[in-house]
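**Student:** Fold the following for me, if possible:
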Amino acid sequence: MKHLIIIFFFLFTSNLVFAQPHIHAHNDYQQPQPLDHAIQHKVYSLEADVFLKNGKLLVAHDKEELATAPKLKSLYLKPIIKLFKKHQGRISADTAYAPVLMIDIKDDGAAAIAAIVKAVKNHHRVFDRSINPMAVQIVISGNRGAISQWIAYPAYIFFDGRPRENYDAATLQRVGFISDAYKNYASPADSTAYKLQQVSAQVHRQNKLLRIWGMPDDAASWQRQQQLGIDIINTDKVAECSSFFKK
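**Tutor:** Sure, this is the predicted structure:
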């Protein structure tokens, strides 16, 4: 019966017009114009994969790329700080736009987070929303260190949660949003839809937004995600996704 309800839901909503959802620029550093491209399309969040190598935060997808990988500081942190100076306390001329910088740590989480804190600690108006509501919020993903230590980090460091993790009230306050892999839900079409709706409802009860990575990256999937209550659309096709929801 539940599966029949889901099928009816799709038939009923397939022709509805939906408001533009949040867009997550997956692996933004692989775009021809990292950061600028994301800001141009006003993404909700943009992602940088990071390794800590010889004390330096390097942006790369795999270890094999580290020899020529740019630094997080030069690719994102310095340009963001420069934009805040240019626009007097925000990242762009849009007075309502304040994105999230999601840093996906690929190796030693605790050491990398410590390096991130050190890199931004003197720029609170740029990265701390408790001081400046227009600040860029930092959300740590990937190797996120021990959950029990999250509240020990400065208040401007947030974390990418998971649906199957249990958080006490204080730790939940440090969760920027909640993400999961599509493969954890993939099964016959109607069952997948039901599972995704269930996890969406669970995340919303926690007053958090849901992101699912690894789903097909096309217009049909973007619309389906929105219908299922997935708040943040994970995409490599930022311009196309933005244009799709503006139609």
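
**Student:** Does residue 103 touch residue 143 like I think?
**Tutor:** No: Residue 103 is beyond contact range of residue 143, at 10.5 Å (criterion: CB atoms under 8 Å). Bear in mind the C-beta positions are built from the backbone N, C-alpha and C, glycine included.

**Student:** Looking at those two, which is more packed in?
**Tutor:** Taking other CB atoms under 10 Å, residue 103 and residue 143 do not tie; residue 103 has more neighbours (23 against 17).

**Student:** Surely the more buried one forms part of a helix?
**Tutor:** No: secondary structure of residue 103 (DSSP: H, G, I helix; E, B strand; the rest coil): strand, not part of a helix.

**Student:** which residues does it contact?
**Tutor:** Counting by CB atoms under 8 Å, 6 or more residues apart in numbering, residue 103 touches 47, 48, 50, 72, 112, 116, 138, 139, 140, 141, 142.

**Student:** wait, isn't residue 170 in contact with residue 151?
**Tutor:** Yes: with contacts counted by CB under 8 Å, residue 170 reaches residue 151, the gap being 5.2 Å.

**Student:** higher neighbour count, those two?
**Tutor:** Neighbours were counted for residue 170 and for residue 151 using other CB under 10 Å; residue 151 has more, 14 against 9.

**Student:** Against residue 129, how distant is the more buried one?
**Tutor:** Residue 151 sits at a distance of 17 Å from residue 129 (criterion: CB to CB, to the nearest Å).

**Student:** and the longest strand seen in the chain, how far out from the chain's middle?
**Tutor:** The strand that spans the most residues within the chain, counting by DSSP state E, is strand 45-53. Its chain's C-alpha centre lies 11 Å from the corresponding centre of strand 45-53 when counted by CA atoms, centre = their mean, to the nearest Å.

**Student:** could you point out which element follows that strand?
**Tutor:** Next along the chain after strand 45-53, taking DSSP states H and E as the criterion, comes strand 56-59.

**Student:** Correct me if wrong, but residue 233 is in a strand.
**Tutor:** Yes: looking at residue 233 with three-state DSSP, it is inside a strand.

**Student:** counting contacts, what elements does the longest helix anywhere in the chain pack onto?
**Tutor:** Identified as the longest helix of the chain according to DSSP state H is helix 189-205. Counting contacts by 3 or more CB pairs under 8 Å, 6 or more residues apart in numbering; DSSP states H and E, helix 189-205 packs against helix 2-13, strand 210-213, helix 219-228.

**Student:** excluding its backbone neighbours, what's nearest the residue most central in space within the chain?
**Tutor:** Centroid check for the chain by CA atoms, centre = their mean gives residue 45 as the closest residue, at 4.7 Å. Leaving aside its chain neighbours, residue 45 sits nearest to residue 100 (3.8 Å; criterion: CB to CB, 6 or more residues apart in numbering).

**Student:** ok now stretch 139-147, how far from the chain's centre?
**Tutor:** 13 Å.

**Student:** what sits up against it?
**Tutor:** Stretch 139-147 has contacts (CB under 8 Å, 6+ apart) with 45, 47, 49-50, 100-110, 112-113, 116, 150, 157-160, 165, 167, 171, 176-177, 179.
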